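Peer 1: Build me a structure from this.
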Amino acid sequence: MRDADSGLGVDYYGLAEDLTDAERDLWTTMRRWVDAELIPVAGGYWERAEFPYDLVPKYAQLGVVGDALVGPGIPEMSVTAAGLITMELNRGDGSFATFHGVQAGLAMRSIAFCGSDEQKERWLPAMARLEAIGAFALTEPDHGSDSVALETTARRDGDSYVLNGAKRWIGNGTICDVCVVWARGEDGQVQGFLVEKGTPGYEADVIEGKGSLRAVWNADIRLTDCRVPAENKLPGGRTFKDTARVLSATRAGIAWSALGHATAAYECALSYALQRQQFGKPIASFQLVQEKLVQMLAEVTAMQLFCLRTSRLAEQGRLTDTMASLAKMNATRKARQVLATARDLMGGNGILLEHRVMRHMADIEALHTYEGTESIQTLIIGKQLTGISAFA
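Peer 2: This next block holds a predicted model:
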């Protein structure tokens, strides 16, 4: 079902009425841009595993890069507005949405939360305009879910820090102007550093052979006696708790991302069912097809309610880490179900990239894992409910 008046797509319960005028206007702007600029080219970039450089300046013109952060040069928006942006980008393409998420949700957020005033002034305005690209390097080859155990080291040497170690799965890592690298200092605590483009000892290679989020380039990074000026240390990144604060703030955003993929699946399936003719009539006239459409709509609507509520709680300062974990866990799980149902409804055509669903079905697998796997989110919530830690 579409909201014909607003053009905001599936909104069965009229949630657009609960948005501010600014939020509705931004949603409309994003939806139109995604339909006009992103969807028509996303499949080709995804199939070729090419990063869509030509879309970056076009996207920058919208002035929406900031993820509800507060800082110099960052566009003002609510947490809900930031969620709507994330949803629409993922409705179009998970790869480009991930590029945006790394830029604003992780790299810019690290600087906004942990950076000095000078670091914020230097980087945030340029990053908001996409004149400078950021990356966030935490995950390591041997440390994903247990990233608190990272092995990359930072050693003070005069007026510099020397970094050594390896990072893996780093979005934007090969194209960034600045990479936020998390390393263990000599005091044993996790600390953050800004490694600028061209710094000797920083080497990054694109990870090839991905079957998900193919158009965003993740990197293997090697840090070999990588020397960064002492002023490039993030003064607010003193322990892993500071790193975790950045991650916690982005986790609820993954629920919006999953909602975008599920929305794409539902809209594609509904359009296909109304057009596809079998046995002399559109397949939408068959009971089993209608049951699948209704099932998908129910899940998408429930995800909308989850996302809107978590964003409003965040705006009020009431969103807890476990609330964000529950939203992320539920949304990625349900989105996988919606996408599988849509693929099934479309039959053999469902595996063709021209029908989009297969691309979203592949991309949701990455969302299901990053920012904390479903299993890890489950254990986090379980510990909060029972008071018993199930972690080894």
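Peer 1: hey, where'd the strands end up in this protein?
Peer 2: Counting by DSSP state E, the chain has strands at residues 134-137, 153-157, 160-171, 178-184, 190-196, 202-206, 218-229, 277-278, 281-282.
Peer 1: just those: most buried one?
Peer 2: strand 134-137 (a mean of 28; mean count of other C-beta atoms under 10 Å). Every residue, glycine included, has its C-beta placed from N, CA and C.
Peer 1: For that one, report the contacting residues that lie outside it.
Peer 2: 102-103, 106-108, 110-111, 123, 127, 167, 170-173, 176-182, 195, 219, 221, 246 (C-beta atoms under 8 Å, 6 or more residues apart in numbering).
Peer 1: tell me which residues of the longest helix along the chain are tucked away?
Peer 2: When the chain is parsed with DSSP state H, its longest helix is helix 240-275. By 16 or more other C-beta atoms under 10 Å, the buried positions in helix 240-275 come out as 240, 242-243, 245-270, 272-273.
Peer 1: go on, stretch 304-324?
Peer 2: Result for stretch 304-324 [16+ other C-beta under 10 Å]: buried residues 304, 306-308, 310-311, 313-314, 319, 321-324.
Peer 1: distance between the ends of that stretch?
Peer 2: Start-to-end span of stretch 304-324 (C-alpha to C-alpha, to the nearest Å) is 14 Å.
Peer 1: Residues contacting it, please?
Peer 2: 11, 13, 15, 18, 78-80, 82-83, 87, 248, 251-252, 255-256, 259, 327, 330-331, 380-381, 384.
Peer 1: what do you get for stretch 325-341?
Peer 2: 251-252, 254-259, 261-262, 265-266, 269, 292, 295-296, 299-300, 302-303, 306-307, 310, 357, 360-361, 364-365, 367-368, 371-372, 374, 377-378, 380-381.
Peer 1: Give the burial count for the residue found closest to Gly66 once you drop the neighbours it is linked to in the chain, as a bare number.
Peer 2: Counting by C-beta to C-beta, 6 or more residues apart in numbering, Gly66 lies nearest to Ile74, which is 4.0 Å off, once chain neighbours are set aside. Residues near Ile74, counting by other C-beta atoms under 10 Å, number 20.
Peer 1: My read is that Ile74 contacts Ala112, right?
Peer 2: Yes: counting by C-beta atoms under 8 Å, Ile74 sits close enough to Ala112 to count as a contact (7.5 Å).
Peer 1: Please enumerate the shared neighbours of the two.
Peer 2: Leu124.
Peer 1: lowest confidence element among the helices and strands of the chain?
Peer 2: Lowest on mean pLDDT, DSSP states H and E among the helices and strands of the chain sits helix 374-386, with a mean of 87.
Peer 1: so it versus helix 240-275, what angle?
Peer 2: With axes from the mean of the first three to the mean of the last three C-alpha atoms, to 10 degrees applied, the angle from helix 374-386 to helix 240-275 works out at 120 degrees.
Peer 1: Mind listing residues that contact helix 374-386?
Peer 2: Residues contacting helix 374-386 (C-beta under 8 Å, 6+ apart): 145, 321-322, 325-326, 328-329, 332-333, 368, 372, 388-391.
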